[in-house]
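J.: what follows is a predicted protein model with its sequence.
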Amino acid sequence: CTVFVPKVPATDRNALNSLWGKLASEILMQNWEAAMEDLTRLRETIDNNTVTSPLQALQQRTWLIHWSLFVFFNHPKGRDNIIELFLYQPQYLNAIQTMCPHILRYLTTAIITNKDVRKRRQVLKDLVKVIQQESYTYKDPITEFVECLYVNFDFDSAQKKLRECESVLVNDFFLVACLEDFIENARLFIFETFCRIHQCISI
């Protein structure tokens, strides 16, 4: 099987279409390494495109955010990359807040299940700010769990939301594989936060 990689100048009006097509084909073939490269190339093309209007750029970023879920939740380094793109790239965070706040579910899950404990603790503070800002437009058990635990310090509600999270994760195409990591880390977060607040703990 021979695969042809399109060599279209970035300024060509069909360049974007060819990159979307290439990304789609890699996703369908479940070739996650190539899909990650295509995602990066597509993102650079969108971000450096001076021809499209701000609205068109916002729409392109919104599509990229949605398509990237296939890659981020299948590539070995995907959960790190989703945090970097969705939380720390202002244009993409703005697209999430403006067009698709439901994506916070996936960002939150990626942070909670991240294997790098130091990184996870650092980004949680930034995540909490975003969740608080968007709580009037979007809520689900996953974002509410974080709010209960890190804003309200309501441990009973956090436990209740965690049980609801299980149902959400099991029924979400992208997140079902994260279930065990999510529950394990979420319980650890509850315990760590409780210990930080209470000097004396009865076991």
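T.: That came through fine. Numbers count the residues shown, from 1 in each chain.
J.: can we go C-alpha only for contacts and neighbour counts from here?
T.: Fine.
J.: now for this protein, the helix or strand with the poorest mean pLDDT.
T.: Across the helices and strands of the chain, mean pLDDT, DSSP states H and E gives its lowest value to helix 117-134, namely a mean of 90.
J.: state the next helix or strand along the chain beyond that helix.
T.: In the C-terminal direction, the helix or strand that comes right after helix 117-134 (DSSP states H and E) is helix 141-150.
J.: so where's the chain shaky on pLDDT?
T.: Where the chain drops to pLDDT under 70, the residues are 1-13, 199-203.
J.: rerun at 90
T.: Low-confidence segments of the chain (pLDDT under 90): 1-16, 49-52, 115-122, 192-203.
J.: center of it - which residue?
T.: With distances taken as CA atoms, centre = their mean, residue 107 lies nearest the centre of the chain, 2.9 Å away.
J.: which residues are contacting whichever strand or helix holds that residue?
T.: Per DSSP H and E: residue 107 is located in helix 104-112. If you take CA atoms under 8 Å, 6 or more residues apart in numbering as the criterion, helix 104-112 is touched by 79-80, 82-83, 86-87, 96, 120, 123-124, 127, 131, 140, 142-143, 175, 178, 182, 185-186.
J.: derive a ChimeraX selection command for the buried subset of those residues.
T.: For the buried members of these, the matching ChimeraX selection, counting by 16 or more other CA atoms under 10 Å, is:
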select :79,80,82,83,86,87,96,120,123,124,127,131,142,143,175,178,182,185,186
